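Sequence and predicted structure, then a few things I'm wondering about:
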Amino acid sequence: MLPGYAGKLLFVDLTNNSIVEENLSEELARNFIGGYGIGAKILYDMMPPGADPLGPENIIGFTTGPCTGTKAFFGSRYTLVHKSPVTGGWNDANSGGFFGPELKKAGYDAVFVRGRAPKPVYLYIHDGKAEIRDASHLWGKDTKETWAELQAELQLPGLRVAAIGPAGEKMSLLACPINDGHRAPGRGGGGAVMGSKNLKAVAVYGTGKISVADPDKIREINRQIAANIKNNPGAQAFSTMGTGSSTAASALSGDSPVKNWSGVGITDIGAENAEKLSAASLDKYKVRKYSCFNCPLGCGAIYRDVKGRWPLEETERPEYETSSAFGSLLLNTDADVVLKCNDLCNRYGLDTISTGGTVAWAMECYNRGILTRAELDGIDLTWGNGEAIVALTQKIADQEGCGAILAHGSAYAAEKYGKGKEYLQTASGIELPMHDPRLAPGFARTYQYDPTPGRHVKGSLGLMQAFGAIPDKYNYSNTGPMDVRATAAQEVENCAGLCTFISMCGIMDIKEQFLTAVTGRTFTQEDTYRTGLRILNMRHAFNLREGLRPADFTISPRVVGKPPLADGPLKGVEIDTRQLAINFFTHAGWDMETGKPSLESLQQLGGLEKVIADLYTV
Amino acid sequence: MKVKIKMLGLAAAYLKEREFVELPQGITVEEMLSRLVKNGERRDLSLLKAATFFVNQEPAGRDTVLHDGDEVIIILHMAGG
Ligand code: SF4
């Protein structure tokens, strides 16, 4: 067996009620590592082009990486892969918690599901066995109820479940599965894809162990990480306060979008008000710390708020993305509103970023008189109105009244209402994450042109700029080499099954060190570059085969400073996204008009024979 | 001169937290920062490079000169999440 891998892939067809197991080939593992690398290769090989994302031909995969579930710190991740019903192209979204590690302990590196069951089912995977089981009794239940009920039914308190809630069942395009009660591969409509297949949940339980090549080396690296974290006050603060440690700071620095991307934090919200959503303010609700599998930081927390307007006996600390999407983006500074919306999204199975983004679009349209109060079922959606935000989110969750339209996202709603298009803040139809490209222009390129548009955990040039690690960030010449290199590195980190906050561990080549120790194959930075590019090209090729060309990848102008903000720290910033894209495409060997990678660049990378055959055989 | 300070995000993890600081006349934001950095054991301060500043609600740089009664906001966030 390959060290670091469970060694098996599972293929499920819900139409035929069939389950097939295959060994993971060494070649697939070597060329594509794991996660969405392996996922992209398999979907490219097995899915016909032009498949309806909500039809039986779409394949949804739950994929892990070699570090997932091992002793290597931060190896908590699995990635959901499928064709997106939101963007119409490739989709991947990752999640922490315990589901991914448990899937591997149950004997599989990945499970791929196609077809459509005639009635609701769940997939039960346990110690090398898999069964398709009836889920009629779970249909209509929320994600937490589903998890608890399956644990009780199977008498397995250690059972891990990725389940859709009512939102996914009704194929809301904002829907995602939720694992471990609150962790989510949130983005791109994976919950709708599960719903379209009548797949309520995947439940996993395993007692297996993942062997690694060099356990002593992993222990040594872990010790170094623990020492570095102890020595880094920022990492310590992050461990205590989580991603929410940045909410107030980002609202003012220009990192968080404000007022549907039209506002300025320091003036529209102000320092005093921003503080109301800071970790320090929110953590008065903290009951205990929460950590994903084998993580030395443990950035999560369980909250309790029984005295607020929406009492919550037990809920989770909202992530930064959530606090901003339901906070600065809507000019809301009421903590209980953020807690309630986060809780609703977790229970119904909704992506908090896209849900907040959709509310923001509706809010701007309402305040401009484009959407009427009657069209919003009487909700007075003025900027910052907390009661209205919760009421609309509840409607979206229930798909009731106007919620039946808004539950499919802002782009769908603008189409359906036939107005408000100019106020959409999206990339290829998906609402944008909470890091403003006007502060870190690298995000402009990835949001618009990454094969998975609208993501903040792709192509880390933007992340590095937001950290202040890149001087002269508004100089748009010659960004190609750094952008491509940073993107390749991020591909490898994601596909290894590592959490992005491993960046706080203080070891520059941590991916290479862990991958070498886990798999036993020496992994150099050059390997990272080549492998990352191969994975990037695989995702890109999936989109090309769908007929998507660079011109089909769009971004709303306001987001990239067209027109520029008139005030605040980002005043006057207008991003030359086209130049950033040309730089990236040129360096990656991609044609800017057709998107086609050069034959030479594909041949150099190797492992892309089918892509070459498809693109270069007449 | 006396300057009022507010720290947001991870800034307080690196800097001595206090509401008012007494500083020499004409000092810059950068010079103020070096006085505020917590000393003691060896610490990794690389993240501090990313800090953003406002002086009296206006965007400011490290070379901005401070005056008596100014209000400085020091912001340090991390991306991701
Ligand atoms: S840093 Fe946070 S999100 Fe990442 S693995 Fe640790 S607990 Fe999970």
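Ah, there it is.

From here on, just use CA atoms for contacts and neighbour counts.
Noted.

which residue does chain B bring closest to chain A?
B:Ala50 (4.0 Å; C-alpha to the nearest C-alpha).

who touches that residue in this structure?
The contact partners of B:Ala50, taken as C-alpha atoms under 8 Å, 6 or more residues apart in numbering or on different chains, are A:Ala466, A:Phe467, A:Gly468, A:Ala469, B:Leu76, B:His77.

From the residues you listed, which one has the minimum pLDDT?
Of all these, A:Ala469 carries the smallest pLDDT score, 68.

ok, and what's touching the lengthiest strand in chain B?
Using DSSP state E, we find that the single longest strand of chain B is strand B:2-9. Strand B:2-9 is contacted from outside by A:245-250, A:278, B:17-23, B:66-77, using C-alpha under 8 Å, 6+ apart.

got it, and stretch A:239-252?
A:237-238, A:256-258, A:264-266, A:270-271, A:274-280, A:283, A:297-301, A:318-320, A:323-324, A:328, B:8-10, B:75-81.

check the residues you listed against the ligand, which are close?
Within the set of the contacts of stretch A:239-252, contact with the ligand (C-alpha under 6 Å from any ligand atom) is found for A:Leu297, A:Gly298, A:Cys299, A:Gly300.

Relative to A:Ile389, how far out is the nearest residue to A:Val306 once chain neighbours are set aside?
Of all residues not flanking A:Val306 in the chain, A:Leu312 sits nearest, at 5.4 Å (C-alpha to C-alpha, 6 or more residues apart in numbering or on different chains). Separation of A:Leu312 from A:Ile389 (C-alpha to C-alpha, to the nearest Å): 17 Å.

Looking at the two, which is more packed in?
Shown here are A:Leu312 and A:Ile389; by other C-alpha atoms under 10 Å in any protein chain shown, A:Ile389 has more neighbours (27 against 17).

just checking, the more buried one is part of a helix?
Yes: with DSSP: H, G, I helix; E, B strand; the rest coil as the criterion, A:Ile389 is part of a helix.

for it, what are its contacts?
Applying C-alpha under 8 Å, 6+ apart, the residues contacting A:Ile389 are A:Val337, A:Val359, A:Leu381.

Just the ones in strands from the residues you listed, please.
When these are checked against strands (DSSP E), there are no matches.

and the ligand, which of those residues contact it?
The subset of those within reach of the ligand, by C-alpha under 6 Å from any ligand atom, is empty.

Also near chain B: which of the residues you listed, exactly?
Among these, none lies close to chain B by the criterion of C-alpha under 8 Å from any C-alpha of the partner chain.

Among the contacts of strand B:2-9, the buried ones, what's the ChimeraX command?
Filtering these down to the buried ones (16 or more other C-alpha atoms under 10 Å in any protein chain shown) takes a single ChimeraX command:
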select /A:245,246,247,248,249,250,278 /B:17,23,66,67,71,72,73,74,75,76,77
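
just for the chain, where's the confidence low?
With no chain named, the answer covers chain A. Low-confidence segments of chain A (pLDDT under 70): A:469, A:618.

My question was about chain B, not that one.
Short version for chain B, where the test is pLDDT under 70: B:39-47, B:79-81.

any chance of the ones next to the ligand among the contacts of stretch A:239-252 in TSV, plus secondary structure and distance to chain B?
Converted to TSV, these look like this (DSSP: H, G, I helix; E, B strand; the rest coil; distance: C-alpha to the nearest C-alpha, whole Å):
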residue	secondary structure	distance to chain B
A:Leu297	coil	13
A:Gly298	coil	13
A:Cys299	coil	10
A:Gly300	strand	11
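
between the contacts of B:Ala50, which is nearest A:Thr577?
Among those, A:Ala466 lies closest to A:Thr577 (C-alpha to C-alpha), at 16.8 Å.

Distance from the chain centre to the helix or strand the closest one falls within, please.
Using DSSP states H and E, the element containing A:Ala466 is helix A:461-467. How far helix A:461-467 lies from its chain's middle: 18 Å, per C-alpha atoms, centre = their mean, to the nearest Å.

Who is the residue nearest the centre of chain A paired with across the strands?
Chain A has A:Ala93 as the residue nearest its centroid, 3.7 Å off, counting by C-alpha atoms, centre = their mean. With DSSP bridges as the criterion, A:Ala93 is bridged to A:Leu80.

Identify the residues contacting residue 58.
Reading this off chain A. A:Met47, A:Ala51, A:Asp52, A:His82, A:Lys83, A:Arg114, A:Gly115, A:Val193.

sorry, should have said chain B
Here B:Glu58 is in contact with A:Gly568, A:Pro569 (C-alpha under 8 Å, 6+ apart).

would you list every one of the strands in chain B?
Using DSSP E, strands in chain B cover B:2-9, B:20-22, B:52-55, B:58-60, B:71-76.

Each with direction, which strands does the longest one pair with?
For strand B:2-9, sheet partners with direction are given as strand B:20-22 (antiparallel), strand B:71-76 (parallel), following DSSP bridges.

Report the contact partners of residue 48.
By default, I'm working from chain A. Contacts for A:Pro48 (C-alpha under 8 Å, 6+ apart) come out as A:Glu57.

Chain B was what I was after
By C-alpha under 8 Å, 6+ apart, the neighbours of B:Leu48 are B:Ala11, B:Tyr14, B:Leu76.

from the residues you listed, which single one is nearest A:Asn16?
Using C-alpha to C-alpha, B:Leu76 comes nearest to A:Asn16 of the contacts of B:Leu48, at 54.0 Å.

Identify the bridge partners of that closest one.
In this entry, B:Leu76 is beta-bridged to B:Gly9, by DSSP bridges.

Kindly reformat the contacts of B:Leu48 as TSV containing distance to A:Asp552.
Listed next are the contacts of B:Leu48 as TSV, based on distance: C-alpha to C-alpha, whole Å:
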residue	distance to A:Asp552
B:Ala11	41
B:Tyr14	45
B:Leu76	36
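
ok, so of these, who is nearest the ligand?
Proximity of the contacts of B:Leu48 to the ligand (C-alpha to the nearest ligand atom) peaks at B:Leu76, which lies at 18.0 Å.

from what I can see the closest one touches B:Tyr14, true?
No: counting by C-alpha atoms under 8 Å, B:Leu76 does not reach B:Tyr14; the two are 9.7 Å apart.

Would you mind measuring from the residue nearest to A:Gly100 when sequence neighbours are not counted to A:Asn494?
Nearest residue to A:Gly100, sequence neighbours excluded (C-alpha to C-alpha, 6+ apart): A:Tyr78, at 4.8 Å. Shown here: A:Tyr78 relative to A:Asn494, a distance of 9 Å by C-alpha to C-alpha.
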